Structure formats: structure tokens, C-alpha cells
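**Student:** structure, please.
(one chain, ligands or ions: 1)
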Amino acid sequence: MNCSHIEFCTDKTKIDLVQLQDLYKVTAFWAKNRSLSDIKIAITHSNPVVSVWDRQRLIGSARATSDGIYRATIWDVVIHPDYQGLGLGRKLVETIISHPLLNRVERVYLTTTHQQKFYQKIGFQENSTTTMVLYNRYPTPNELVKQSQSEEITAIV
Ligand SMILES: CC(C)(COP(=O)(O)OP(=O)(O)OC[C@H]1O[C@@H](n2cnc3c(N)ncnc32)[C@H](O)[C@@H]1OP(=O)(O)O)[C@@H](O)C(=O)NCCC(=O)NCCS
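**Tutor:** Predicted coordinates:
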């Protein structure tokens, strides 16, 4: 496939959330069930967010959170299956790590279940010594809204 017309965009206001939700559904096993409202929260609080476009079609995306100098983390790197294996994933990650909010950062982290070899080709190393995770026990914003709605209903009844 000729990819010369494929565009990489760092303006997150251009992202079409419906297309992004569809892209996650077909590409990302960990993000298949994300709601539009939650995706909107994630995009709002991420910077940079890079999107990849074949004309009007969103075919790739990645986002990062960064303090600009010490630590950054990359999230949700996806290229649509129709466009994988063409070098676009590498360019997507290179675009995000060369962004001014990441290019001076001491350590850039990411988590991956299956794609270690892909990231190794870009310069990432496996790191089993420093990573911990908290599976949050607290209710999500959506759960809080549902909880307060059901309390209101109980109160009315
Ligand atoms: C992982 C993903 C983003 C890679 O995108 P891509 O456009 O297919 O990758 P590229 O064509 O840019 O590949 C770059 C290099 O990595 C290699 N590579 C890509 N995926 C690989 C894999 N799974 N195993 C080994 N090497 C891989 C390519 O062969 C290429 O090597 P080369 O530079 O020597 O030719 C894409 O496959 C994807 O979206 N997968 C599903 C979602 C996912 O798992 N995302 C990562 C979550 S952490």
C-alpha cells in the first residue's frame, strides 16, 4: 500500500471520538468496551495525543501523559489491522516520543502484553524491576453517577 498520503496529527481537537471508539473495538483487546464519555475524559487529560489519518478515516492513535521532564507514559497505541505492517506503528510511536512534552523526559514508560518486540525495535527495554500497579477499588465516575441516580430514585419512591 502507498502510504504517502497518510497524515499524523498532534492536534487532539481534530479527533473524532466515535471513530476512535470504533478503532479501539477492532484493534485493542483492552479497550473494546470503552464508552464515548470515558474516552473523552482520557483524551482530555492526555497530552500529546497523536492520530493517524487516511484522508477522513482515523486509522491509528496513541496518547501520552507526561510531566515534561522526569516521567512520561504512553498509552493505547493502535494501528487499524488493514494498515499494520507498513511502518505506521513505528512512526506513530516515534511521533509521540519526539513531541516536545516527551523528548526531554528522563524515562518514558509503557505497558504491553504482547508487543515487546515491536517496542524493542524502537529502543524500549523490558523492565520487570520497577513497575507496580494498583487495581483501583474506588468507584469510577460512571459508577458514582449511577449510584447517585439510583439513590435519587429510591428517595423519590
Ligand atoms: C503494535 C502495532 C501498533 C504495530 O503497528 P504496525 O504499524 O503494525 O508496526 P510497524 O509496521 O511500524 O512495525 C515496525 C517494526 O516492528 C516490527 N513488528 C511489528 N509488530 C511486531 C510484533 N508483534 N512482533 C515482532 N515485530 C513486530 C515490524 O516487523 C517492523 O520491523 P522493521 O522495522 O524491522 O521492519 C499494531 O500491530 C497494533 O495496533 N496492534 C494491536 C494493538 C496493540 O497491540 N498495540 C500495542 C499495545 S501496547
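
**Student:** and the protein, which of its residues are near the ligand?
**Tutor:** Counting by Cβ under 6 Å from any ligand atom, the residues of the chain lying close to the ligand are 27-28, 77-79, 84-90, 112, 114-115, 117-118, 121. From N, CA and C alone the C-beta is placed, and that goes for glycine too.

**Student:** filter the residues you listed down to just the ones in strands.
**Tutor:** Judged by DSSP state E, strands contain the following of the residues of the chain next to the ligand: 77-79.

**Student:** out of those residues, who's nearest residue 67?
**Tutor:** Each of those was checked against residue 67 using Cβ to Cβ; the closest is residue 77, at 20.0 Å.

**Student:** the closest one touches residue 62, doesn't it?
**Tutor:** Yes: Residue 77 is within contact range of residue 62, at 4.3 Å (criterion: Cβ atoms under 8 Å).

**Student:** between these two, what contacts are shared?
**Tutor:** Listed as contacting both residue 77 and residue 62 by Cβ atoms under 8 Å, 6 or more residues apart in numbering are 92-93.

**Student:** what's in contact with the strand or helix carrying residue 92?
**Tutor:** Under the criterion of DSSP states H and E, residue 92 resides in helix 88-97. Contact with helix 88-97 is made by 3, 6, 8, 10, 48, 50, 52, 59-64, 74, 77, 79, 102-103, 108, 118-119, 121-122, as judged by Cβ under 8 Å, 6+ apart.

**Student:** go with 6 Å
**Tutor:** Here helix 88-97 makes contact (Cβ atoms under 6 Å, 6 or more residues apart in numbering) with 8, 50, 52, 60, 62, 64, 74, 79, 122.

**Student:** my guess is residue 59 is in a strand, correct?
**Tutor:** Yes: Residue 59 forms part of a strand when assessed by DSSP: H, G, I helix; E, B strand; the rest coil.

**Student:** what segments of this structure are helices?
**Tutor:** Counting by DSSP state H, the segments of the chain that form helices are 17-27, 36-44, 88-97, 116-122, 141-156.

**Student:** got the buried residues for the longest one?
**Tutor:** By neighbour count with 16 or more other Cβ atoms under 10 Å, helix 141-156 contains no buried residues.

**Student:** where are the low-confidence patches of the protein?
**Tutor:** For the chain, applying pLDDT under 70 flags the ranges 153-157.

**Student:** measure how buried the residue in the chain that the ligand sits nearest to is and give me the count.
**Tutor:** Closest approach between the chain and the ligand, counting by Cβ to the nearest ligand atom: residue 89, at 2.1 Å. Residue 89 has 22 neighbours, counted by other Cβ atoms under 10 Å.
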